[in-house]
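# Can you look at this prediction? I've put the sequence above it.
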Amino acid sequence: MEILTDHSLANMNTFGIDCIAKYFSAFRSIEELAELLQSKQVKQNQRLILGGGSNLLFTKPFQGIVLKNELSGVELLDHDQDHYYVKAQAGENWHQFVLHCLNKNYAGVENLALIPGCVGAGPMQNIGAYGVEIKDVFESLEAIHIEDGSIRNFNLTECAFGYRESIFKQKEKNQWVITSVTFRLDKRPKLKTGYGAIEQELDKMNLDQINIQDVAKAVIQIRSSKLPDPKTLGNAGSFFKNPVVPIEIYQAIVKQNAQAPAYPISESEVKVPAGWLIEQAGWKGKNRISHGVHDKQALVLVNLGHARGQEVLDLSSDIIADIQKKFNITLEREVNIY
Ligand SMILES: Cc1cc2nc3c(=O)[nH]c(=O)nc-3n(C[C@H](O)[C@H](O)[C@H](O)COP(=O)(O)OP(=O)(O)OC[C@H]3O[C@@H](n4cnc5c(N)ncnc54)[C@H](O)[C@@H]3O)c2cc1C
């Protein structure tokens, strides 16, 4: 186990931002992680646990230690009449894990295909797409406390999952390294095809019967056509969360635009798609030479070449201010800023 100094993170974040970490190390076992947590570089500095770097934006050199999670392995722990219990190590690539489940006919994660990043980051923001969130298939996770090295199991309730939220972004922020996640997957699939364009995509396939592999194929097709591939255009997916707003605010928008979309949350609140607001405000496709707003999906900010993280952050601040002024709605960033 080696601790490197002044290490470039340019290839370790999907925004492709050039950033230098003062210290850097990768761990491939719990023992290596435990040893690292004892080091003076960890004890005396700010720490960042890094997975695939697909949900963060570096805005300045990282003055602490980056710990890259490379724990690997997937195992079937148990099964009962209805479920398979599958444990994945936190450094496993999420999409590869989904493919593994499809291959074994473990149902439940098919709508979450093609989300970048690692398994261990999934519970951080309760990743979700096409009507499914990780909480829907979550059994428990194991984590190591950064300060005292103790190991703890978190169950569903203890994770306090919400929309792009968990206890690890709130009360327990920066306290734990998630080392593995156990999933409760279905033996008999409960297909969820009612969200987005999944049904239209399945129709095109002209199938007699639909299975989880077909749903995943439809999701992959839709995602590939809408979202920029970070390998060719740096980005971190949705930069902002979809805001939940009081119904009166939404009604004020409807007066200006009768087509304004919203999803009911409660009797008094609705969720408004942030991408729609940003598009209506005229930001879609707007470029600032090195960076800009994606021309197919206004929720995604992109690195067009050699953007600096601070420039992308400034663009996001300008969008937030404009949406506040035009719609009286405060957008919140989904991407973690460092
Ligand atoms: C093109 C694209 C599409 C996307 N689509 C979606 C989508 O549909 N739905 C969605 O929810 N997200 C989406 N995302 C965001 C992102 O893929 C997810 O949030 C993913 O879970 C991040 O994983 P990661 O390993 O890259 O995390 P990183 O970016 O490496 O880390 C994110 C945060 O989690 C922390 N962290 C990571 N691993 C651990 C760990 N093991 N223990 C403790 N803390 C940890 C980090 O410190 C950091 O604060 C998308 C991103 C891109 C680029």
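The structure has been received and is ready for your questions. If you're wondering where the values come from, they're calculated on a predicted model, not measured in any experiment. Numbers count the residues shown, from 1 in each chain.
# what about S268, neighbour count?
S268 is flanked by 9 other residues according to other CB atoms under 10 Å. To be clear about C-beta, it is placed using only N, CA and C from the backbone, and glycine gets the same treatment.
# Which residue, other than its chain neighbours, is closest to it?
In this structure, S268 finds its nearest non-sequential neighbour in I247, 5.7 Å apart by CB to CB, 6 or more residues apart in numbering.
# Pull the contacting residues for that neighbour.
By CB atoms under 8 Å, 6 or more residues apart in numbering, the residues touching I247 are E267, S268, E269, V270.
# Now do it against T330, distance only.
I247 is 16 Å from T330, where distance means CB to CB, to the nearest Å.
# same thing with N93?
Look at N93 and T330: by CB to CB, they are 34 Å apart.
# Comparing the two, which shows the higher neighbour count?
With neighbours defined as other CB under 10 Å, N93 and T330 compare such that N93 has more, 17 against 11.
# nearest spatial neighbour of that one, skipping sequence neighbours?
C118 (6.3 Å).
# In this structure that neighbour contacts G52, no?
Yes - under the criterion of CB atoms under 8 Å, C118 makes contact with G52 at 5.1 Å.
# So for these two, which residue has more residues nearby?
More crowded of C118 and G52, by other CB under 10 Å: C118, with 28 against 23.
# what does the stretch 101-250 of the chain have sitting close to the ligand?
Selection of the stretch 101-250 of the chain residues close to the ligand by CB under 6 Å from any ligand atom yields 115-118, 120-122, 124-125, 127-129, 176-178, 227, 230, 235-237.
# Can you give me the buried ones in the helix or strand harbouring F154?
If you go by DSSP states H and E, F154 is part of strand 151-155. Going by neighbour count (16 or more other CB atoms under 10 Å), the buried part of strand 151-155 is F154.
# And stretch 39-53, by the same measure?
Neighbour counts over stretch 39-53 (16+ other CB under 10 Å) mark Q41, V42, N45, R47, L48, I49, L50, G51, G52, G53 as buried.
# where do the contact lists of C118 and G52 overlap?
N93, W94.
# In helices, which of the buried residues of stretch 39-53 fall?
In this view, these that belong to helices under DSSP state H are Q41, V42.
# and the residue of the stretch 201-338 of the chain found nearest the ligand, helix, strand or coil?
Here the stretch 201-338 of the chain gets closest to the ligand at one residue, G237, 2.5 Å apart by CB to the nearest ligand atom. Taking DSSP: H, G, I helix; E, B strand; the rest coil as the rule, one finds G237 in the strand state.
# Contacts only, for the residue lying closest to L185 once chain neighbours are set aside.
Leaving aside its sequence neighbours, L185 sits nearest to Y106 (CB to CB, 6+ apart; 3.8 Å). Taking CB under 8 Å, 6+ apart as the contact definition, Y106 lies against Y84, V86, F183, L185, D186.
# go on, G73?
Applying CB under 8 Å, 6+ apart to G73 gives the contacts A88, Q89, E92.
# Apply 10 Å and report the result again.
Residues near G73 by CB atoms under 10 Å, 6 or more residues apart in numbering: K87, A88, Q89, G91, E92, S180.
# From L9, how far off is the closest residue to the first one other than its chain neighbours?
Pointing back at K87 there. Excluding its sequence neighbours, the residue lying closest to K87 (CB to CB, 6+ apart) is T182, at 4.5 Å. Distance from T182 to L9, counting by CB to CB: 30 Å.
# what's the answer for I222, then?
30 Å.
# More neighbours: which of these two?
Set side by side, I222 and L9 show more neighbours around L9, with 22 against 18, by other CB under 10 Å.
# Strands of the stretch 151-300 of the chain, start to end?
151-155, 176-186, 234-238, 244-246, 263-264, 269-271, 291-293, 300-303 (DSSP state E, counting those that start in this stretch).
# on that earlier part again, quick one: contacts for the residue of the stretch 201-338 of the chain closest to the ligand?
Going by CB under 10 Å, 6+ apart, G237 touches 14, 54-55, 115-117, 127, 129, 223, 227-228, 230, 297, 299-301, 334-335.
# One more: G16?
With the criterion set at CB under 10 Å, 6+ apart, G16 makes contact with 10, 53, 230-235, 302-303, 305-307.
# So the closest residue in space to I178 that isn't next to it in sequence, which state does it fall into?
Among residues not flanking I178 along the chain, G120 sits closest, at 4.3 Å (CB to CB, 6+ apart). Three-state assignment for G120 (three-state DSSP): helix.
# so what's G120 up against?
G120 neighbours (CB under 10 Å, 6+ apart): 49-52, 69, 71, 88-92, 94, 141-143, 177-181.
# ok, of those, which come out buried?
By neighbour count, with 16+ other CB under 10 Å, these hold 49-52, 69, 71, 88-92, 94, 141-143, 177-181 as buried.
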